[in-house]
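[1] When you get a sec, could you give me coordinates for this:
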Amino acid sequence: MNGVKRAIVAKAVDLYTLEISDDHRTIKFNIPGNPEDSDEFLACNKKNIKVIDDFFADNSVRSKHFRDNLETFIARAIDEIFETSICEILKQKLFPDELIPHTQDQLDELLAETNSSYTDAVNECVRVFRNGLTDDSEEELEILESKLLSVREMLDKNVGAIEHELERRKADK
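    Predicted coordinates:
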């Protein structure tokens, strides 16, 4: 384990604990009782490295922690330590300047992606909802939640395309 990883984890934990109140945290990081005690800090940091390693290694852990956007705290920590523009790059990937499909091919692609996401999510709902939700594992419910959120995102893109066209038509009048 190198010092860079320790520094990134320590900074990510600091950012996380400063911005998300205790009541709303889904990730339980180890916080030293006395931050001035280097041995205690190092012991907590090692445990926190394991928490973050599990986030990247295990899909069930990752989907649970996505609620707190752990990945953004890690990216921000890297940004601050190395003075990079990772967060700006991620922002462009997540929220590109040009969100609205304009061509027929772009609209067709959006429709196909939406249909695929929707079909997959509905099939998963049918499987999970059968016999109620109490017989399904936490991981199965989290996977379904993730699929449904993906469908919501795709539907939002469709609504955005329609809103954009309506605004364009109003501006043309």
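[2] Please parse this protein into its domains.
    3-91, 98-172 (automatic domain parsing).
[3] How far away from the center of its chain is the shortest one?
    This points to domain 98-172. Average the C-alpha atoms of domain 98-172, do the same for its chain, and the two points are 16 Å apart (Cα atoms, centre = their mean, to the nearest Å).
[4] Report the secondary structure state of L133.
    Recorded secondary structure, L133: coil (DSSP: H, G, I helix; E, B strand; the rest coil).
[5] For it, give me its contacts.
    Neighbouring residues of L133 by Cβ atoms under 8 Å, 6 or more residues apart in numbering: L141. All C-beta atoms are positioned from the backbone trio N, CA, C, and that covers glycine.
[6] and the gap between it and N30?
    32 Å (Cβ to Cβ, to the nearest Å).
[7] ok, now T114?
    Applying Cβ to Cβ to T114 and N30 gives a distance of 42 Å.
[8] same deal with F73?
    Applying Cβ to Cβ to F73 and N30 gives a distance of 15 Å.
[9] quick one on the thing from earlier: and the domains of the chain as TSV, adding mean pLDDT?
    Output for these, formatted as TSV (pLDDT from 0 to 100):
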stretch	mean pLDDT
domain 3-91	84
domain 98-172	85
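[10] out of the ones you listed, deepest packed?
    domain 3-91 (a mean of 15; mean count of other Cβ atoms under 10 Å).
[11] tell me how far the ends of it are from each other?
    Domain 3-91 has an end-to-end distance of 27 Å (criterion: Cα to Cα, to the nearest Å).
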